[in-house]
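# coordinates only, sequence not included:
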DNA sequence: GCACTTACTGCAAATCGTTCGCAATTTACC
DNA sequence: GGTAAATTGCGAACGATTTGCAGTAAGTGC
């Protein structure tokens, strides 16, 4: 189902801003800041305003089409993905790599079995140094 | 080793602001926002300014005496603890509970063995509904 | 195609937790 | 006590994100 269909299916209008923001995220398949997104959107259409980018992103978040992650001051966005795909964030170059860790599901089970807490989503972030940065030093 | 000794050992001065911020965190043993901390510090000394609280917190962060966590807009601070102690955050009442999950160490091993990423710290956050809130509904 | 309703946009101003510059105060050391 | 330097309080600045509002354009019915 395309983004246009998803939007229409939920009675939201298909607008240039929304289409372009989605296109940029989908093409990048990586963590982009709001500034990154705005810049790439501008490659297609200079007239899109940053408010519209933010508004599109928060709509997509509510529809669970994107995943927002905050790193200190600023956020990054990426197409939504499963919890078992965890984030490895390099402290040196600030890029985020995905790693599929099925172990995460055990964690969920443990919490469910041992505590009275009902988990809905899990966010695992590992900080460290990525391959290219560890070669570089 | 008391906070005074830790500070002196690293050539930082022992001041009223630093002592009180530490005392508040240590007494609470839970996640406090900057506003919470300031308020509690004011119970001891009205004259302490919020800048000093922030400055104390960032010093303690650098010394790895406290752990800062961002939830959306705002941060919370707590005395530093092991990575294996993970955070269960209730979506309804916004409180954070600790859960000791030794599994986290397997995750670290997996990353080390399977990828070329060198982990330094792991942050696991689970969102969901806590016991008291699930009774309340 | 053409009106019509109203969701959505662009713009600029506001927000709000956190940071910063600087003069005044405190700390640590003699 | 006296001194040098670190730390504070104050208020102004910051910066990513949000918001209010008047104008624009997407969807709908004709």
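Yes, it's here. Since the structure is predicted, the reported quantities are computational estimates derived from the model, not experimental observations.

# The residue lying farthest from the centre of chain A and residue B:130: what is the separation?
Centroid-distance maximum for chain A: residue A:114 at 30.2 Å, with CA atoms, centre = their mean. Taking CB to CB, to the nearest Å as the measure, residue A:114 falls 14 Å from residue B:130. In this view, the C-beta of every residue, glycine as well, is placed from N, C-alpha and C.

# now swap in residue A:7 and tell me
For residue A:7, the distance to residue B:130 (CB to CB) stands at 34 Å.

# quick one on the thing from earlier: tell me how far the residue farthest from the centre of chain A lies from residue B:34.
Residue A:114 is 32 Å from residue B:34, by CB to CB.

# All the helices of chain A, residue numbers only.
Assigned by DSSP state H, chain A shows helices spanning A:3-9, A:16-28, A:34-44, A:50-62, A:103-114, A:131-136.

# by contact count, what packs against the first one?
Judged by 3 or more CB pairs under 8 Å, 6 or more residues apart in numbering or on different chains; DSSP states H and E, helix A:3-9 is in contact with helix A:16-28.

# near DNA strand D at all, the helix it packs on?
Yes: using CB under 7 Å from any atom of the strand, helix A:16-28 reaches DNA strand D at residue A:16.

# do the same with stretch A:37-45
No: using CB under 7 Å from any atom of the strand, stretch A:37-45 stays clear of DNA strand D, with a minimum separation of 9.0 Å.

# and the nearest residue to residue A:72 once chain neighbours are set aside, bridged to which residues?
Excluding the flanking residues, the one nearest residue A:72 by CB to CB, 6 or more residues apart in numbering or on different chains is residue B:70, at 7.1 Å. Residue B:70 has the following beta-bridge partners by DSSP bridges: residue B:75.

# Settle this for me: residue A:93 is touching residue A:133, isn't it.
Yes: counting by CB atoms under 8 Å, residue A:93 touches residue A:133, with 5.4 Å between them.

# Spell out which parts of chain A neighbour chain B.
By CB under 8 Å from any CB of the partner chain, the residues of chain A that approach chain B are A:70, A:72, A:86, A:88, A:90-91, A:97, A:99, A:101, A:103-104, A:106-108, A:110-111, A:114-131, A:134.

# what about the most centrally placed residue in chain A, distance to DNA strand D?
Central residue of chain A (CA atoms, centre = their mean): residue A:78, 2.5 Å from the mean position. Distance of residue A:78 to DNA strand D, computed by CB to the nearest atom of the strand, to the nearest Å: 14 Å.

# Just the pLDDT at the residue nearest to residue A:72, thanks.
In this prediction, residue B:70 carries a pLDDT score of 89.

# With residue A:1 instead?
85.

# In contact with it, which residues?
residue A:9 (CB atoms under 8 Å, 6 or more residues apart in numbering or on different chains).

# Okay, now the unreliable bits of chain A?
Applying pLDDT under 70 to chain A picks out residues A:137.

# Go again with 90.
For chain A, the stretches flagged by pLDDT under 90 are A:1, A:29, A:70-74, A:91-94, A:135-137.

# near DNA strand D, which residues of it show up?
Checking chain A against DNA strand D by CB under 7 Å from any atom of the strand, the hits are A:7-8, A:13-16, A:33-35, A:50-51, A:54-55, A:58, A:73-75.

# give me that answer again for 10 Å
Residues of chain A that fall close to DNA strand D, judged by CB under 10 Å from any atom of the strand: A:4, A:7-8, A:11-19, A:33-38, A:47, A:49-55, A:57-58, A:61, A:68, A:70-77.

# Put the buried members of those residues into a PyMOL selection.
Buried subset of those, written as a PyMOL selection, criterion 16 or more other CB atoms under 10 Å in any protein chain shown:
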select buried, chain A and resi 7+17+18+19+34+36+37+38+52+53+57+68+71+75+76+77
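
# Distance check, the residue nearest to residue A:72 against residue B:90.
From residue B:70 across to residue B:90, the span is 17 Å (CB to CB).

# check contacts around the residue farthest from the centre of chain A.
The contact partners of residue A:114, by CB under 8 Å, 6+ apart, come to residue B:99.

# Repeat that for residue A:90.
Counting by CB under 8 Å, 6+ apart, residue A:90 has contacts A:96, A:97, A:128, A:129, A:130, A:133, B:117.

# one step back: go ahead and confirm the residue nearest to the centre of chain A touches residue A:29.
Yes: counting by CB under 8 Å, residue A:29 is a contact partner of residue A:78 at 7.4 Å.
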